[in-house]
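**Q** below is the sequence, then the predicted model.
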Amino acid sequence: MSDLVRMSITMEKELHDRLEEALRAGPAVSRSEFIRDLVRERLARDAWKNNEEAVGTITVVYDHEVRELTQKLTHLQHHYHDAILATTHVHLTEELCAEMIMVRGRASEIEALAEGMRAHKGVLHAAVSIGSTGKRLAARRPRRHTHPH
């Protein structure tokens with residue numbers, strides 16, 4: 001386990017009350033773990049902004065009936081084959097499909113892939129969800145047990 005540092009913070013009462021409310025409403029975690037999670041989330045966002053290596057998913061919803069769209073999307077994914085870890089394809093309706101594409105690479109490369117998909121007629125939605133490789137996060141997160149032993 002990493003070295004722990006004790007610190008104190010000061011905040012407005014209203015903000016403190018909202019923090020306490022969030023802690024009560026969510027899964028049972030300590031204030032410290034809640035703050036650690038916020039810091040990790042910010043570090044992941046900063047890594048994304050700094051174009052560091054990241055992991056994420058691109059969720060694409062498209063009309064597979066649009067002429068040659070499926071082939072164009074597949075061709076684009078082949079162009080980014082080094083960044084794509086896995087894809088899942090599901091049929092939403094007779095016309096609509098969704099693909100979830102798990103990616104790893106520089107943030108700019110992941111964004112370029114998503115933007116390339118958005119550019120095609122028939123793509124209704126292409127959203128990027130960012131994540132961290134975990135390499136630059138300060139400390140390993142302790143494992144939480146969700147069931148008794």
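**A** Yep, that arrived. Please read all numbers here as calculations on a predicted model, not as lab measurements.
**Q** so for Asp3, what's the pLDDT?
**A** Note on Asp3: pLDDT of 81.
**Q** so which helix or strand takes in it?
**A** Counting by DSSP states H and E, there is no helix or strand that carries Asp3.
**Q** so where is this protein shaky, pLDDT-wise?
**A** Scanning the chain for pLDDT under 70 picks out 1-2, 136-149.
**Q** can you do 90?
**A** For the chain, applying pLDDT under 90 flags the ranges 1-9, 19-52, 54, 130-149.
**Q** all helices for it, in order.
**A** 13-25, 31-49, 69-79, 107-118 (DSSP state H).
**Q** and the longest one, what's buried?
**A** The reference is to helix 31-49. Arg36, Arg40, Ala44, Ala47, Trp48 (16 or more other Cβ atoms under 10 Å). Using the backbone N, CA and C atoms, a C-beta is placed for each residue, glycine as well.
**Q** and it with helix 107-118, angle?
**A** Relative orientation of helix 31-49 and helix 107-118, computed by axes from the mean of the first three to the mean of the last three Cα atoms, to 10 degrees: 70 degrees.
**Q** and helix 31-49 with helix 13-25, angle?
**A** Going by the same axes, to 10 degrees, helix 31-49 makes 100 degrees with helix 13-25.
**Q** gap between helix 31-49 and the chain center?
**A** Here helix 31-49 is found 13 Å from its chain centre; the criterion is Cα atoms, centre = their mean, to the nearest Å.
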